[in-house]
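Asks: need a structure here:
(chains A and B)
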Amino acid sequence: QQQVKQSPQSLIVQKGGISIINCAYENTAFDYFPWYQQFPGKGPALLIAIRPDVSEKKEGRFTISFNKSAKQFSLHIMDSQPGDSATYFCAASGAGSYQLTFGKGTKLSVIP
Amino acid sequence: DGGITQSPKYLFRKEGQNVTLSCEQNLNHDAMYWYRQDPGQGLRLIYYSQIVNDFQKGDIAEGYSVSREKKESFPLTVTSAQKNPTAFYLCASSISGTQLTGGYTFGSGTRLTVV
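Replies: Reported below is the predicted structural model:
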């Protein structure tokens, strides 16, 4: 009930392409869905987040798409750059709990 | 600037030795967390604390201990009972309450290696 399933585990994208990472959740009480970006040897940093009252949120080249009925959300990185190479984690929280449930992460490699 | 400071950045532990990882935050956050990260394993919760002098076990608490004597500090001790402690350890903090805003703030991590 508390799981967040993330796919794919790893992703290789050419420079300039679109990177897409998907997450699915089971708990319908979740109401906050952040994405974190982690570079090697560093802690994760909040990248972008969405609440279920909107279906899409865009910040620069990063977009979250949210499908409440399917209980899925995804991260799209447009015009992917080598500097975007990192591990990305989706997460969710809600139902009166501030604790985040994390997906297992996706290692993105953007090749020139 | 507000943030979370973890120290040391690298730590080496001998067999049978206890070591303590430091985590300090000046964000005035009530809640603090410790995660362990291994390749391909994601983030696994060790312990968390919602308030001073109170903490709860996470998914992999065996072999670890914590204290929360001050709001700003949440040190993690890796005891000799933890048989495979080599990992990257992350500390995080957040506001508490019924609705999370702003997510977690993470420290830069401590890499622990058994020698």
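
Asks: got a list of what the residue nearest to A:V54 when sequence neighbours are not counted touches?
Replies: Once flanking residues are discounted, A:V54 sits nearest to A:F66: 6.9 Å by C-beta to C-beta, 6 or more residues apart in numbering or on different chains. No exception for glycine: its C-beta is placed from N, CA and C like everyone else's. The contact partners of A:F66, by C-beta atoms under 8 Å, 6 or more residues apart in numbering or on different chains, come to A:33, A:50, A:52, A:54-57, A:72-73.

Asks: Go again with 6 Å.
Replies: Contact partners of A:F66, counting by C-beta atoms under 6 Å, 6 or more residues apart in numbering or on different chains, are A:50, A:55, A:73.

Asks: how far away is the spatially most central residue of chain B from chain A?
Replies: The centroid of chain B falls nearest to B:W34 when counting by C-alpha atoms, centre = their mean (2.7 Å). For B:W34, the distance to chain A (C-beta to the nearest C-beta, to the nearest Å) stands at 12 Å.

Asks: outside of the helix or strand hosting A:H76, which residues touch it?
Replies: In this assignment (DSSP states H and E), A:H76 forms part of strand A:72-77. With contact meaning C-beta under 6 Å, 6+ apart, strand A:72-77 is reached by A:19-24, A:33, A:35, A:61-66, A:84.

Asks: Only whichever of the contacts of A:F66 are buried, select them in ChimeraX.
Replies: To isolate the buried ones among the contacts of A:F66 in ChimeraX, judged by 16 or more other C-beta atoms under 10 Å in any protein chain shown, type:
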select /A:50,73
